[in-house]
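[1] Okay, structure incoming, though there's no sequence with it:
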C-alpha cells in the first residue's frame, strides 16, 4: 500500500453537500444529470466550470476542493480511522509520506492568507480547531519565532491536513507488527521566490521523471543533475517497495521514531 500526501485531516464529504455541489456544477455546465451529456463535453469546458465552482465555494484557509470522496459512497464506506481500527490495512506492507511544506500549494498565492494578522489567523483556526486554536497557534509560533502569521498558519495546515494523519496511520500500522516505511520529501525549488518549499505534489516530477512536463513551474524550479539524481533515488525506492513490499537500504519504521523517517532531498 502506497499513500502519498494523503489529506487525512480532511473529513469525507457528507452526501447532501456532495449532491448540492454536483447540482451546481451541472448548472454551470448547462447539462442535465446524464453521464452521456458529460462525456460529450470537451475537457476544457469541464475544467473551466470546475474552476468557477471552486472559486464560488472557496473559503479563507479551507483547502477542500468542491468534489472529493463522499462518506458512504462506493470506495468510502467508512472513515479512514474506522477502517484502520477494523484492520483494513493489517498484513499489508505500507509506504506513507508527505512533502515538507504541503500547504503552501493552497495558501502561498492566497492574499487572504498572506496578509493575515496573528489575531485573524487564530480566528481562522478556530473554525477548524475550536477552543484549541489559540494554543495551537502559540505552539507553532514558538517553533517559528521569525515566522509571519501566514507562515505559521501554513505550517499548521501542513501538519493538520497531511502529516499528522500520515504519522497516525504509520504509528498504528507499525505498532501492529506490520511492515511500515515513512518518508518526507524535502527538496526545495531553486529559485523559490514564493517560499513554496517542498509543496504538495512537488515530488511527482521526481517520482515519474517528468521534469520536462513542468517548464517554468515555481514548484519545481531549475532542473539539473542533482534533481535528476534525486528523482532516480526516490523513484527507485518506491518502485522497489511496490515490487517487493520492502526496500533493502531502508529500515522499517517504528512508532514515534522520527529517525526512521527517510528524508529525500
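    That came through, no problem. Remember, predicted model here, so these are calculated numbers, not experimental data. Numbers count the residues shown, from 1 in each chain.
[2] Secondary structure class of the residue in the chain sticking out farthest from the centre, three-state.
    Most distant from the centre of the chain: residue 32, at 32.4 Å, with distances by C-alpha atoms, centre = their mean. For residue 32, the assignment made with DSSP: H, G, I helix; E, B strand; the rest coil gives coil.
[3] quick thing: my sequence starts at 122, can you match it?
    In the new numbering, first residue 122, that becomes residue 153.
[4] Now for it: which residues touch it?
    Taking C-beta atoms under 8 Å, 6 or more residues apart in numbering, we find residue 153 in contact with residue 147. (Each C-beta comes from the backbone N, C-alpha and C, glycine too.)
[5] Report the separation between it and residue 144.
    11 Å (C-beta to C-beta, to the nearest Å).
[6] Then residue 272?
    38 Å.
[7] higher neighbour count, those two?
    Using other C-beta atoms under 10 Å as the criterion, residue 272 and residue 144 rank with residue 272 on top: 22 against 11.
[8] Nearest residue to that one in space, please, no chain neighbours.
    Leaving aside its sequence neighbours, residue 272 sits nearest to residue 265 (C-beta to C-beta, 6 or more residues apart in numbering; 6.3 Å).
[9] My guess is the one you found contacts residue 271. True?
    No. The criterion here is C-beta atoms under 8 Å, and residue 265 misses it with residue 271 at 10.9 Å.
[10] These two: who's more crowded?
    A direct count of neighbours by other C-beta under 10 Å for residue 265 and residue 271 places residue 271 higher, at 21 against 11.
[11] In which helix or strand does the more buried one reside?
    Following DSSP states H and E, one finds residue 271 within helix 270-279.
[12] now residue 246: how far from residue 206?
    According to C-beta to C-beta, residue 246 and residue 206 sit 28 Å apart.
[13] so what secondary structure elements neighbour the least confident helix or strand in the chain by mean pLDDT?
    Lowest on mean pLDDT, DSSP states H and E among the helices and strands of the chain sits helix 156-160, with a mean of 91. Helices and strands touching helix 156-160, as assessed by 3 or more C-beta pairs under 8 Å, 6 or more residues apart in numbering; DSSP states H and E, are absent.
[14] now the helices: where do they sit in this structure?
    Ranges of helices within the chain are 136-150, 156-160, 164-178, 201-206, 225-228, 232-235, 239-250, 254-264, 270-279, 285-296, 325-329, 346-365, based on DSSP state H.
[15] Excluding its own residues, what touches the last one? List them.
    Residues outside helix 346-365 that contact it (C-beta under 8 Å, 6+ apart): 123, 214, 216, 302, 304, 306, 308, 324, 326-330, 332, 367-369, 371, 383, 385-386.
[16] quick one on the thing from earlier: which residues are common contacts for residue 153 and residue 144?
    With C-beta under 8 Å, 6+ apart, residue 153 and residue 144 have no common neighbours.
[17] Name the nearest residue to residue 143, ignoring sequence neighbours.
    residue 188 (7.3 Å).
[18] how close does residue 335 sit to residue 214?
    Residue 335 is 30 Å from residue 214, by C-beta to C-beta.
[19] and these two? which has more neighbours close in?
    Higher neighbour count among residue 335 and residue 214: residue 214, with 19 against 15, using other C-beta under 10 Å.
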